[in-house]
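>>> Need coordinates for the following:
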Amino acid sequence: MSSWFRSKTLSSSKKTQPTKERIPSLKLPVESHWHFPEEDKKKKRSLSIMSFKSVQESLTKISRSNTFKGIFQSIHDPKEEEVVQSIRKQLLSEGKLPEKYDDYHTLLRFLRMRAFNVPKAKEMFLNMVKWREDFGVDAIVKDFKFEELETVKRCYPQGYHGVDRYGRPLYIERIGLVDLNSFLHATSIDRYIKYHITEQEKTLYYRYPACSLAAKKHIASTTMILDVKGVGLSNFSKPARELFIEIQKIDSNYYPETLNQLFIINAGSGFRALWRVLKAFLEARTLSKIQVLGTSYQAALFEAIDPSNIPEFLGGACACSASNGCLMQDKGPWTNPEINHLLEEVFSKGKKFAEEVSEETNVDASSDRNNEPSDRHFNHNSERMLTMIEREYETNDSKRGISLKINDLEGWLKDTNEILRKLLLKQDEVSTLVEDLKKLTSEPV
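The predicted structure is shown next:
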């Protein structure tokens, strides 16, 4: 779950066009990558089941064509690819590129965050790897339980609520309604930081893949709305500063290039004074992707987000009254049963694919022991996963086709039975008529 003013970078905007002349000026869409988690992250999540009609309709229309493949694969820009290969070879030659991070788009995110400055991007990447090891991120994701979530949400309103018009997850926070004392009574800053990390991992490995399936294109970033009504300098107390600084450090340094756009709305004079202080903690690349709006914000929101995905309290059309409010649930394609089932089926087969790749690697190694580290190929598990997903869709389509035929046959059988029943009645009527006629002909004239 993102905290307010989380410092992530936006790499996609309607006002920003890709620049082809110089790599450092590129601000291309980040909707170019997602990958599957390793086996210890493949446990089934207990996700709420909800009706998400638009997603269901999208699923039935997804084809097994090149368009479908575009959901999971992206076209590599030649200039970007050259720089990615450069940093990759350096990391491999130094033995500092763990295989699970040996991924084109992972490296690309760090390069984009550092304006394609290879030394800086390399340093940032290595810091991320070290942080994950030192902080025990994998163990936190696997074992940490945040039982106080519902209580925390009541004093710190926040949550994912559908998608924007492009199909990205929409995340909303209402900072003006935060009760910091109740928040600190319900949990601690350390526990909330761990919860935040688990949400970041869930977004990378579940929300983005689910949104990609639903939108039928790559989704790799989040759109945010931050409601700061009533927020001013007095809200930036020591605990608030501590939480804000730690969250923005994690998001900016270890999860770069996952923010699409941030709308800060209901910004009054008090918040604008606070904003002048907060901006010092944010990178220029992030600041350029943030819109600070007053009370006339709805036009900007509606341009990026359909009103059906905006809560009524922000001027949208959604009430979510059946779920105790829009921000009390985790609403989005990732809670759609069909999409979630498909993803879990893919994840459950991850070990098999990994073993196959390992066997292939061993064969290659035995045939040429003198290969340089840079000869190691990028992990192609995503292509194998794509093939498996396509087969899953093909199987589901076949099952649906058979089911429809069965329904048709059952309907025809029912109609036939009804026709036969009516014919039998007619037969009885005719038999009775024949008998009556026989009686008439047998009587003397």
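>>> Can you give me the buried ones in the helix or strand containing Ala139?
Element membership of Ala139 [criterion: DSSP states H and E] is helix 137-143. For helix 137-143, the neighbour count (16 or more other C-beta atoms under 10 Å) marks Val137, Asp138, Ile140, Val141 as buried. Every C-beta, even on glycine, is put in place using the N, C-alpha and C of the backbone.
>>> The first one - nearest residue in space that isn't next to it in sequence?
Nearest residue to Val137, sequence neighbours excluded (C-beta to C-beta, 6 or more residues apart in numbering): Ile197, at 6.1 Å.
>>> Just give the number of residues close to Asn181.
10 (other C-beta atoms under 10 Å).
>>> What strand or helix carries it?
helix 180-186.
>>> Beyond that helix, next helix or strand please.
Beyond helix 180-186 toward the C-terminal end (DSSP H and E), the next one is helix 189-202.
>>> Correct me if wrong: Asn260 contacts Asp164.
Yes. Using C-beta atoms under 8 Å, Asn260 is in contact with Asp164, at 7.5 Å.
>>> Show the model's pLDDT score for Lys96.
Lys96 carries a pLDDT score of 95 in this model.
>>> Rank the helices and strands of this protein by mean pLDDT and give me the bottom one.
helix 53-61 (a mean of 39; mean pLDDT, DSSP states H and E).
>>> Would you mind giving both backbone torsions of Thr335?
phi -100, psi 0 (degrees, to the nearest 10).
>>> what ranges do the helices span in the stretch 101-250 of the chain?
104-113, 118-135, 137-143, 149-155, 180-186, 189-202, 208-215, 238-254 (DSSP state H, counting those that start in this stretch).
>>> same for the last one, what does it pack against?
Meaning helix 238-254. Contacts defined by 3 or more C-beta pairs under 8 Å, 6 or more residues apart in numbering; DSSP states H and E place helix 238-254 against helix 118-135, helix 180-186, helix 189-202.
>>> Need the winner for burial among these.
helix 189-202 (a mean of 19; mean count of other C-beta atoms under 10 Å).
>>> counting contacts, what elements does that one pack onto?
helix 137-143, helix 238-254.
>>> remind me which residues of the chain are low pLDDT?
In the predicted model, the chain carries pLDDT under 70 at residues 1-75, 321-324, 346-401, 443-445.
>>> ok so, going back, and the helices and strands packed on helix 238-254 as TSV, adding distance to Ile265?
Below are these laid out as TSV (distance: least, C-beta to C-beta, whole Å):
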stretch	distance to Ile265
helix 118-135	31
helix 180-186	21
helix 189-202	22
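>>> do you know which of those lies nearest Val152?
In terms of C-beta to C-beta, the element of the helices and strands packed on helix 238-254 nearest to Val152 is helix 180-186, at 5.3 Å.
>>> For the closest residue to Val118 other than its chain neighbours, give its distance to Ser252.
Sequence neighbours aside, Ile87 is the residue nearest to Val118 in space, at 5.1 Å (criterion: C-beta to C-beta, 6+ apart). According to C-beta to C-beta, to the nearest Å, Ile87 stands 19 Å off from Ser252.
>>> Kindly report the same for Asp227.
Taken as C-beta to C-beta, the span from Asp227 to Ser252 is 22 Å.
>>> cool, and Lys100?
Lys100 is 22 Å from Ser252, by C-beta to C-beta.
>>> Those two: which is more packed in?
Neighbours per residue, other C-beta under 10 Å: of Lys100 and Ser252, the larger number sits with Ser252, 21 against 14.
>>> Gln261 versus the more buried one, what's the distance?
16 Å.
>>> Likewise for Ile250?
Taking C-beta to C-beta, one finds Ile250 at 20 Å from Gln261.
>>> What residues are bridge-paired with Leu226?
Glu173, Ile264 (DSSP bridges).
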